[in-house]
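> output the structure for:
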Amino acid sequence: METAELGRWTIRCDPEGTRTAFSRLPTGSPESCGCADCLNFTAARDRAYPSAALAIFNQLGIDIHKESEIWHTHRDETGLHHYGGFFHFIGTIESGRDVMVKMNGHGTYDFEMIGKHFEWGLTAQTALVPEGFTGFPVTQFEFATRIPWVINATEPD
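From the prediction side, this is the model:
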């Protein structure tokens, strides 16, 4: 395990262990789903993650083609589509406020920004952890991004 400073977090992580865990996964959530929202995400994935986010993924050992989950929320007034999602990596948060917070009895996110269209954060509250990560301490990398509709399918609102 190595220590890293990412945004407001200090973490202990195992990038090689994370790469090994990802190598055991056949595919990511959007590819295994196959709905139009997920197909659009996979087709526009190169626009979803800015270079600074790619550097963080590389540092953590995350395979950007194997999201644990993604979801489409809406199309905004500029025509961009809002997506959320998350990845997992082997490691723990040593310090820094969890990205998932409770406000007035409801959960929300307290993201960090990278550029105009990408927000991210780390949480110890994990869900849908892939089998390749079983038996390891796992942290969830949450994100929200905005991308265009690029496939030839009916565009949702």
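
> in the protein, where is pLDDT below threshold?
Counting by pLDDT under 70, the chain contains low-confidence residues at 103-105.

> which residue ranges of the chain form strands?
Ranges of strands in the chain, per DSSP state E, are 2-6, 9-13, 69-75, 81-95, 100-103, 106-109, 112-114, 118-123, 138-147.

> nearest to residue 52, out of those strands?
Between residue 52 and the strands of the chain, the tightest spacing by C-beta to C-beta is seen for strand 112-114, at 4.7 Å. For the C-beta atoms, the positions are set from N, CA and C on the backbone; glycine is no exception.

> each with direction, which strands does that closest one pair with?
strand 118-123 (antiparallel) (DSSP bridges).

> so what touches the partner strand?
Outside of strand 118-123, the residues that reach it under the criterion C-beta atoms under 8 Å, 6 or more residues apart in numbering are 6-7, 9, 11, 48-50, 53, 56, 93, 96, 98-100, 109-114, 139-146.

> over to stretch 55-68?
Looking at stretch 55-68 with C-beta under 8 Å, 6+ apart, the contacting residues turn out to be 4, 6, 13-19, 22-23, 25, 27-31, 45, 49, 54, 85-91, 120, 127-130, 140-141.

> could you measure from the residue nearest to residue 39 when sequence neighbours are not counted over to residue 42?
Counting by C-beta to C-beta, 6 or more residues apart in numbering, residue 151 is the residue found nearest to residue 39 once chain neighbours are left out, at 5.5 Å. The gap separating residue 151 from residue 42 is 9 Å, by C-beta to C-beta, to the nearest Å.

> my read: the residue nearest to residue 39 touches residue 37, true?
No. When contacts are counted by C-beta atoms under 8 Å, residue 151 is not listed as touching residue 37 (9.7 Å).

> give the contact list for the closest residue in space to residue 17 that isn't next to it in sequence.
Sequence neighbours aside, residue 90 is the residue nearest to residue 17 in space, at 4.4 Å (criterion: C-beta to C-beta, 6+ apart). The neighbours of residue 90, taking C-beta under 8 Å, 6+ apart as the test, are 13-14, 17-18, 21, 61, 133, 136-138.

> what residues are bridge-paired with residue 90?
Residue 90 has these beta-bridge partners by DSSP bridges: residue 138.

> can you pull the contacts of the residue nearest to residue 39?
By C-beta under 8 Å, 6+ apart, the residues touching residue 151 are 36, 39-40, 43.

> repeat the analysis, applying 10 Å as the threshold.
Residue 151 is in contact with 36-37, 39-44, counting by C-beta atoms under 10 Å, 6 or more residues apart in numbering.
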